[in-house]
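1. what's the 3D shape of this:
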Amino acid sequence: MFNSLRPLFYLILVAFFSGFIYSCQENPEQEPDETGLLQLKTIRLGTLDLVENELTEDAPFDKGLVIEFTDALDRSSAEENISISTDEGNIALNFSYLNEDRAVSAIPENDFQNNTIYTVSIEAVLSINNKEFPGATYQFQTQQGEFQLVSAEVDGISLQTNNRIQDVSLNPEMILTFDQSLNPETDFEDFITLTNKGARLPLSFNLSEDQKTLQIQSQEEARDLVKYDFRISENFLSEVEFEFQGFSKSFYTQLDSTYKFDEISDEALLTKIQEQTFKYFWDFAHPNSGLARERNTSGDVVTIGGSGFGLMAIIVGVERGFITRQEGIDRFERIVNFLADADRFHGVWPHWMNGNTGNTIPFSELDDGADLVETAFMIQGLLAVRQYLDESNAQELAIINQITTLWEEVEWDWFTKGGEDVLYWHWSPENEWAMDLPIRGWNESLIIYVLAASSPTHPIEKSVHDAGWARNGGIVNGNSTYGISMPLGEDRGGPLFFAHYSFLGLDPRNLQDQYANYWEQNQAHSLINQAYCIDNPNNFVGYSEACWGLTASDNHQGYSAHSPGNDLGVITPTAAISSIPYTPEESMKAIRHFYYLLGDRLWGEYGFYDAFNVTQDWYADSYLAIDQGPIITMIENHRTALIWNIFMQDPDVQNGLNDLGFTF
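-> Predicted coordinates:
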């Protein structure tokens, strides 16, 4: 009998306990239990459902608890038997009622604390019809609260921008506003820093009365024209210990307008720059060959093109009285004798060679032989020297004759690679024409075609110039940029050395052919370069009317041909300085800026260092021969036209220009 009743007994027990447990969970459709118990339908914190005997995590700290029952509650019973507590005891609650008293809202007098565990106890709550809730316990853990930066400014400029911030004062003031109160006892300097390359600027802090706005003032003057990194640590807490996500933003300080050197006249300044730069080619020349080292760290590596520029610099040095004429003659003699014994390939020197032996030093894996462009820069200098020397002096006549031999042994026509209508840049015995680089305009290489046409022994035909260099008129541009028409080449002109290297000796003032007026070309190129830097579309730091000049140079990543189409934020002093014949006022502004305002960073043993990038807080400590040489010679051409006048008197050069259809 008992065994036969056991299944029915089990079913009754299961039904009883299932109904009891289910009454404590959400079930809007549940009907009142016939046993007379008060049932709980839902318990929510905000939109988050709590589950009995489980810890509900990530609960909101700014919401109230809402408990819904099946029957209208006895209010006094509800308020006596519903509590919320922490380990420190019960918290004060405010109660309100909803849905005809079937739901009770328990709201703490203050928000729940963040990242805290709370226990909800519901004991013998009665309904108005005396049904009793048997009791339940719930737990929840509030979220880790966060507080936000509402606004941040430095000198009235918003720090909450993606734009680069420049020209901040040297005593910057920052104002921060948060959406939560800060603890006035906080050591703010532990969490808020302003640094330049790791060096902290000491700050003072002033908290507003509502404790939400923090005023920050530098206690020392900041460094000028550098990047400062402003940072608020992610460990920063509000007064109620809400966490902060962290904040960082960089800005750049303004330039200190104090002159770094005593002011002198512009003419004296130009002379000073020429003389200081001249030391690179005189004091720092290779002791054996007399040629220019590639750069100030090159050891025995000498450069052919840069040494050609150096020859013209020595002429300027003699005429300016930096050295005596005899000293200059002796140096010329050493150089031409070394060149006569050095490696040549069909009369053409390599890009680099050893200053002791004259042996080729490969410029790259395949570039281990003749470099026609570098050789042309050398020949430009040699012909200027030849024209400068006095045939009536026996020592000078010997140098003239040696230069003539070197000049006439250059096989320009051979570099048409068997008769093509273009000159090729490279050839080597090992790799032959593997470099396969035709010389086409517009770039720095006009002088190559002029000299190739001028050769008395190995000249090219005019068709090589027209088809190869001029691309049958393809070099012609004529478009305007910044309202300035560009006769040849790229719209924005490319790197500025295009306007310098060929024109150290080749005088552009009256130079014209069927394609362009070359004064107009170089002047437009220089003006566009400055206009681009004033426009500064990439918002680099330091660019201005007085701080301009993009050309090939060292940079913070290595070396590059900087231009409006390849702008890395790098200003190269030689660019603006060497354009002084074309843009005298604009270049003089740049010279004053580089010397007086940036001279403590840019001026060194051999004049201006190669380049700088304020945005990267980078200043070169290098000197390059091909950047130093144009500074001396182009300043002199601006002042006296010395090298232009000498070079253009050469009868071979005149013949070549005539053969190519130039007027000059």
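
2. Would you mind splitting this protein into its domains for me?
-> Using automatic domain parsing, the domain ranges for the chain come out as 2-143, 147-253, 266-659.

3. What is the end-to-end distance of the last one?
-> This points to domain 266-659. 41 Å (Cα to Cα, to the nearest Å).

4. Now do it: distance to the chain's middle.
-> 27 Å (Cα atoms, centre = their mean, to the nearest Å).

5. Now stretch 644-653: average pLDDT?
-> What stretch 644-653 shows for mean pLDDT is 98.

6. Next, the buried residues of it.
-> 644, 646-648, 650, 652-653 (16 or more other Cβ atoms under 10 Å). In this view, the C-beta of every residue, glycine as well, is placed from N, C-alpha and C.

7. measure residue 581 to residue 483 for me?
-> 22 Å (Cβ to Cβ, to the nearest Å).

8. Neighbour count for the two, which is higher?
-> Set side by side, residue 581 and residue 483 show more neighbours around residue 581, with 25 against 8, by other Cβ atoms under 10 Å.

9. May I ask which helix or strand encompasses the nearest residue to the more buried one once chain neighbours are set aside?
-> Leaving out its chain neighbours, the residue that sits closest to residue 581 by Cβ to Cβ, 6 or more residues apart in numbering is residue 638, at 4.3 Å. When elements are assigned from DSSP states H and E, residue 638 belongs to helix 625-639.

10. what helices or strands is that helix leaning on?
-> Here helix 625-639 touches helix 266-282, helix 304-320, strand 552-555, helix 573-578, strand 607-608, helix 642-648, going by 3 or more Cβ pairs under 8 Å, 6 or more residues apart in numbering; DSSP states H and E.

11. so what's residue 452 up against?
-> 376, 412-413, 415, 423, 458-460, 464-465, 656 (Cβ atoms under 8 Å, 6 or more residues apart in numbering).

12. Revised request: answer the last question for residue 143.
-> Residue 143 neighbours (Cβ under 8 Å, 6+ apart): 58-61, 114-115.

13. export these to CSV and tack on pLDDT, secondary structure and distance to residue 216?
-> Listed next are these as CSV, based on pLDDT from 0 to 100; DSSP: H, G, I helix; E, B strand; the rest coil; distance: Cβ to Cβ, whole Å:
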residue, pLDDT, secondary structure, distance to residue 216
58, 90, strand, 34
59, 92, strand, 35
60, 90, coil, 32
61, 85, coil, 29
114, 85, coil, 26
115, 89, coil, 28
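
14. Which of those residues sits closest to residue 356?
-> Nearest to residue 356 out of those is residue 115 (Cβ to Cβ; 73.3 Å).

15. What degree of burial does the closest one show, as a neighbour count?
-> For residue 115, using other Cβ under 10 Å, the count is 14.

16. Could you report the pLDDT at residue 145?
-> Reported pLDDT for residue 145: 86.

17. Residue 241 is in contact with residue 182, correct?
-> No - between residue 182 and residue 241 there is no contact under Cβ atoms under 8 Å: 11.1 Å.

18. Now do the residue nearest to residue 581 against residue 278, distance only.
-> Distance from residue 638 to residue 278, by Cβ to Cβ: 16 Å.

19. Those two: which has the busier surroundings?
-> More crowded of residue 638 and residue 278, by other Cβ under 10 Å: residue 278, with 24 against 20.

20. Could you measure from the more buried one over to residue 479?
-> Using Cβ to Cβ, residue 278 is found at 39 Å from residue 479.

21. what's near enough to touch residue 384?
-> Counting by Cβ under 8 Å, 6+ apart, residue 384 has contacts 311-312, 315, 505, 643, 646-647, 650.

22. how does it look with 7 Å?
-> 311-312, 315, 505, 643, 646-647 (Cβ atoms under 7 Å, 6 or more residues apart in numbering).

23. Residue 510 now?
-> So residue 510 contacts residue 664 (Cβ under 7 Å, 6+ apart).

24. one more time with 10 Å, if that's ok
-> 517-519, 648, 662-664 (Cβ atoms under 10 Å, 6 or more residues apart in numbering).

25. quick one: it is in a helix?
-> No - according to DSSP: H, G, I helix; E, B strand; the rest coil, residue 510 belongs to no helix; its state is coil.

26. quick one: pLDDT of it?
-> So residue 510 comes in at 97 (pLDDT).

27. Dihedrals phi and psi, it?
-> With angles defined as degrees, to the nearest 10, residue 510 sits at phi -120, psi 20.

28. how far away is it from residue 493?
-> Taken as Cβ to Cβ, the span from residue 510 to residue 493 is 21 Å.

29. what does residue 200 give?
-> 43 Å.

30. do the same with residue 82
-> 80 Å.

31. Which one's more surrounded, those two?
-> residue 493 (28 against 20).

32. rewinding a little: closest one of the buried residues of stretch 644-653 to residue 427?
-> residue 652 (23.3 Å).

33. What sits closest to the closest one if chain neighbours are left out?
-> Nearest non-adjacent residue to residue 652, counting by Cβ to Cβ, 6+ apart: residue 454, 4.7 Å away.

34. That neighbour reaches residue 379, doesn't it?
-> Yes - if you go by Cβ atoms under 10 Å, residue 454 and residue 379 touch, sitting 9.3 Å apart.

35. If you count surrounding residues, which of these two has more?
-> Counted by other Cβ under 10 Å, residue 454 and residue 379 do not tie: residue 379 has more neighbours, with 29 against 25.

36. tell me the angle the helix holding residue 638 makes with helix 304-320.
-> Helix 625-639 and helix 304-320 meet at an angle of 40 degrees, taking axes from the mean of the first three to the mean of the last three Cα atoms, to 10 degrees as the criterion.

37. what mean pLDDT does helix 625-639 have?
-> pLDDT averaged over helix 625-639 gives 98.

38. in it, what's buried?
-> 625-639.

39. Kindly report the same for stretch 454-471.
-> Neighbour counts using 16+ other Cβ under 10 Å place 454-455, 458-460, 464-470 of stretch 454-471 among the buried residues.

40. any idea which helix or strand comes after the strand or helix carrying residue 380?
-> Using DSSP H and E, residue 380 maps to helix 372-388. The helix or strand immediately downstream of helix 372-388 is helix 394-408, counting by DSSP H and E.

41. The very next helix or strand once past that next one packs against which elements?
-> Remark: after helix 394-408, the chain's next helix or strand is strand 426-427, criterion DSSP H and E. The contact analysis (3 or more Cβ pairs under 10 Å, 6 or more residues apart in numbering; DSSP states H and E) places strand 426-427 against strand 370-371, helix 372-388.

42. ok, strand 426-427: who's next to it in the sheet?
-> In the sheet containing strand 426-427, its partner strands are strand 370-371 (antiparallel), by DSSP bridges.

43. Show residues contacting the strand it pairs with.
-> 303-305, 343-352, 360, 363, 377-378, 410-411, 414-415, 424-429, 435.

44. List just the nearest of the contacts of residue 143 to residue 449.
-> residue 58 (75.3 Å).

45. and the residue nearest to residue 608 when sequence neighbours are not counted, how far is that from residue 610?
-> Nearest non-adjacent residue to residue 608, counting by Cβ to Cβ, 6+ apart: residue 573, 4.1 Å away. For residue 573, the distance to residue 610 equals 8 Å [Cβ to Cβ].

46. Pick out whichever of those two has more residues nearby.
-> residue 573 (30 against 23).

47. residue ranges with poor pLDDT in the chain?
-> Residues of the chain meeting the criterion pLDDT under 70: 1-35.

48. again, 50 this time
-> 1-34 (pLDDT under 50).

49. Quick one: closest of the helices and strands packed on helix 625-639 to residue 567.
-> Closest of the helices and strands packed on helix 625-639 to residue 567 is strand 552-555, at 10.8 Å (criterion: Cβ to Cβ).

50. for the closest one, packing partners?
-> Against strand 552-555 (3+ Cβ pairs under 10 Å, 6+ apart) you get strand 558-561, helix 573-578, strand 612-613, helix 625-639.

51. Nearest approach to residue 549 belongs to which of those?
-> The nearest among those, by Cβ to Cβ, is helix 573-578 at 3.0 Å.
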